[in-house]
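Quick one, structure for this:
(2 chains)
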Amino acid sequence: DGGITQSPKYLFRKEGQNVTLSCEQNLNHDAMYWYRQDPGQGLRLIYYSQIVNDFQKGDIAEGYSVSREKKESFPLTVTSAQKNPTAFYLCASRTGGPNTGELFFGEGSRLTVL
Amino acid sequence: GEDVEQSLFLSVREGDSSVINCTYTDSSSTYLYWYKQEPGAGLQLLTYIFSNMDMKQDQRLTVLLNKKDKHLSLRIADTQTGDSAIYFCAESFSGGYNKLIFGAGTRLAVHP
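Numbers count the residues shown, from 1 in each chain, chains lettered A, B, ... in the order given. The predicted model follows:
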């Protein structure tokens, strides 16, 4: 079945450590996104990529990094520079083109900093 | 600026209708969306409406769009316990790239 797979589902990290969240899609979508979700807040865009080898910062990119070496994969690294990394992280993809196509979401990764 | 606002909570009795409201700011949004999130899961698209429409109905769901007031609503008829979830309104950002702006989500609680 086509879809988006995020891993791990739960992750614990000690302060000062970098962690990488995986996002893989087999939908052949050009665009991929990382959102952060905090209680009582909407989804906030961290990074997005419209094509392979290209990505742009979203609204809250500080303390995060991404890569897009393959169309299927868009991993997110939460670095030690991110001041408040405990959150629920959602990866999404959609077909290309402006203002078209639904976003397909993964099941999310919950990161907790101890 | 870009902003989508929703009330945070709604409680309804099983069998009643639920109405979730949303206001948005980008008058040039092409599409407006409603997503549903169940506990611990990602978001799933429920329905969407194109900006040149006033209403869209899909089984128990009715979307109303008032473009003049930038107001969007989602009505769920005959609300069931399985409808308990967080509902997100989103607008397509017209700023030249492919981006959705989400509201904070409305938590719908359905009680017997």
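
For chain A, what's the nearest residue on chain B?
In chain B, the residue that lies nearest chain A is B:G42 (3.4 Å; Cβ to the nearest Cβ). Bear in mind the C-beta positions are built from the backbone N, C-alpha and C, glycine included.

Tell me who's in contact with the most centrally placed residue in chain A.
Taking Cα atoms, centre = their mean, the centroid of chain A lies closest to A:W34, which sits 2.7 Å from it. Shown here is A:W34, whose contacts under the criterion Cβ atoms under 8 Å, 6 or more residues apart in numbering or on different chains are A:23, A:45-48, A:58, A:64, A:66, A:74, A:76, A:89-92.

Among those residues, which pair sits farthest apart?
Taking Cβ to Cβ, the two most distant members of the contacts of A:W34 are A:Y64 and A:A92; they sit 15.4 Å apart.

distance between the ends of stretch B:91-102?
Across its full length, stretch B:91-102 reaches 7 Å end to end, with Cα to Cα, to the nearest Å as the criterion.

same thing with stretch A:66-83?
Across stretch A:66-83, the terminal residues are separated by 17 Å (Cα to Cα).

Quick one: distance of that stretch to the chain centre.
In terms of Cα atoms, centre = their mean, to the nearest Å, the centre of stretch A:66-83 is set 7 Å apart from its chain centre.

Do it and chain B come into contact?
No - on the criterion Cβ under 8 Å from any Cβ of the partner chain, stretch A:66-83 is out of touch with chain B, staying 13.9 Å away.

I appreciate the help and will end here.
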